[in-house]
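Enquirer: kindly generate the corresponding structure for this input.
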Amino acid sequence: MLDSLFFQRLNTPLIQVVFLGIVSLCGPGMFNALSGLGAGGSMSANIGLIDSANGALYGCFAIVGFFAGTFTNTVGVKYTLTIGSVGYAIYAAAMWVYDRKQVSGFVVAAGAILGCLASLFWSAQGSIMMSYPEEKNKGKYVAIFWALFNFGGILGSVIALGLNLENEAGGVSTGTYTAFVVVMLVGVVSSLIIATPSNVVRPDGTHVAVTKASDWKTELKGVLLVWKEWRMIYLIPAFLASNWFYSYQFRVNAVYFDPSARALNDTMYWGLQIVGSLLIGLLLDYQGMSRRGRGLVSLGVLFLIVMAVWAGGFAFQLTFNNDYHNPIGWKDDSFGGPFVLYMFYGFTDSLYQSYLYWLMGAMSNDPSLLARYAGFYKATQSAGAAISFGIDAIDIPLRWECLICWILVFISFPLIAIVANNVTETNENIPEIVGSFNDMESISSSANEKTYIERTHSFRA
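Expert: Okay, the predicted model is just below:
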């Protein structure tokens, strides 16, 4: 009886999202810390190699990501999450091998492998995070996940800072890579504690909709339906922008700061991500306004903050170029301003991406559909990252990279506003399409399905 009660408490959406955040802390969170050190922690002379690896990573991610929801819905979210988390350890191991043996081919190959596996990871992650909570808690649960996920960035940065505090040689120590690999492997094992959706019960007693396993052909048809969803099409510029800036920001960290300052920047970059996600999550779930009102007000606040930060970033970028050869440390007098700006880069990143997750979660409660949405989002996001790392690899002036980032995120806001303006108060009365593409066809003649199609596949002025 006690065992049954114990597992019942473990299988609540909150605990499952916490477990998901811990797995993400060990995998993509640590990867973010490694990437944020600049050139994967290596000396700036290796930036070209890391750009090539990241190009392969995000290129594969973009291709596989569009079909990741198919894999998730067929294999199941739990085992998809485990398979996907393996790629992060492989990538960190490649960095370790390069540090010891200079095997550049392994780094690029590891990037491609990670791109394929990470697309599966994030599809499963999106399905869990957006479908498990009650509608009134979706913003908070995104915030909780994002906070835990980015604690991985902090942990990785603290490890790097501790191991490289007196290092002025340019690259991080070999022990740094070893620590990263170990933590990432812990994440792989930890993913096995995630419960299957059929065992998850919300606090109000409702169950998470359980997706029926379907064949690959049926699931591929479901992927095509996402391309008919006007809201997802409108969000493509936002999806492209949401990771585009990483190549620029991490390059600035590698060029402008010395190793110890980079690690400190990285720590606070991910620390402000936690603060940003918690603040936007609370605002998005504030019950004093309608869901549409919360979405629009939050978007207005987000726009003002993002524009102010990028304006400051562009002004800062005008003060140095790609060939900057006097990296500053955290003890230098000129460190303060750039340090604060870099922290706010992380702050705005969390605001922007948390908002996009909330917006997609407001579009449906169906785990299978949300898995496809998450796959589409991460695929498009990674396509943008692949392009941006390709641009960075050809070493164009950093001021132009900065301007491109700013313009792209600016363009995304009017289209996000159109989608936010069409958010409904609830999706609970809309039938969840938790079966297959054929299930959708079989109920298409019903009045409820007619309402569903009208509400999700047509523009409402």
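
Enquirer: give the burial count for residue 396, as a bare number.
Expert: Other residues near residue 396 come to 12 when the count uses other CB atoms under 10 Å. Any C-beta I mention is one placed from the backbone N, CA and C, and that applies to glycine too.

Enquirer: got it, and residue 263?
Expert: Neighbour number of residue 263 under other CB under 10 Å is 30.

Enquirer: which SSE is it in?
Expert: helix 259-284 (DSSP states H and E).

Enquirer: from the middle of its chain, how far away would that helix be?
Expert: Relative to its chain's centre, helix 259-284 lies at 14 Å (CA atoms, centre = their mean, to the nearest Å).

Enquirer: stretch 401-408 too?
Expert: The answer for stretch 401-408 is 20 Å, by CA atoms, centre = their mean.

Enquirer: let's have the chain start at 21 instead
Expert: All right, first residue 21 from here; so that's stretch 421-428.

Enquirer: may I see the buried residues of that stretch?
Expert: 421-426, 428 (16 or more other CB atoms under 10 Å).

Enquirer: and which of those is nearest to residue 328?
Expert: Nearest to residue 328 among the buried residues of stretch 421-428: residue 426, at 11.2 Å, using CB to CB.

Enquirer: check contacts around that closest one.
Expert: Applying CB atoms under 8 Å, 6 or more residues apart in numbering, we find residue 426 in contact with 330-331, 333-334.

Enquirer: could you do residue 107 as well?
Expert: Shown in contact with residue 107 (CB under 8 Å, 6+ apart): 133-138, 141.

Enquirer: need these in CSV with neighbour count, pLDDT and secondary structure, can you?
Expert: Formatted as CSV, the contacts of residue 107 follow (neighbours: other CB atoms under 10 Å; pLDDT from 0 to 100; DSSP: H, G, I helix; E, B strand; the rest coil):
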residue, neighbour count, pLDDT, secondary structure
133, 18, 96, helix
134, 30, 94, helix
135, 27, 93, helix
136, 18, 94, helix
137, 24, 95, helix
138, 29, 93, helix
141, 28, 95, helix
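
Enquirer: picking up where we left off before, top of the contacts of residue 426 by neighbour count?
Expert: Going by other CB under 10 Å, residue 333 tops the contacts of residue 426 with 24 neighbours.

Enquirer: that one contacts residue 365, doesn't it?
Expert: Yes: assessed by CB atoms under 8 Å, residue 333 is found in contact with residue 365 at 7.0 Å.

Enquirer: just to revisit the earlier point, any idea which of the buried residues of stretch 421-428 is closest to residue 92?
Expert: Once CB to CB is applied, the member of these that ends up nearest residue 92 is residue 428, at 28.3 Å.

Enquirer: how about the closest one: what's its closest non-neighbour residue?
Expert: Excluding the flanking residues, the one nearest residue 428 by CB to CB, 6 or more residues apart in numbering is residue 261, at 4.5 Å.

Enquirer: also residue 137?
Expert: Nearest residue to residue 137, sequence neighbours excluded (CB to CB, 6+ apart): residue 107, at 3.2 Å.

Enquirer: residue 154 versus the one you found, what's the distance?
Expert: Applying CB to CB, to the nearest Å, the value for residue 107 to residue 154 is 32 Å.

Enquirer: picking that back up, show me which positions of the helix holding residue 283 end up buried.
Expert: 279-301, 303-304.

Enquirer: with that, I have no additional questions.
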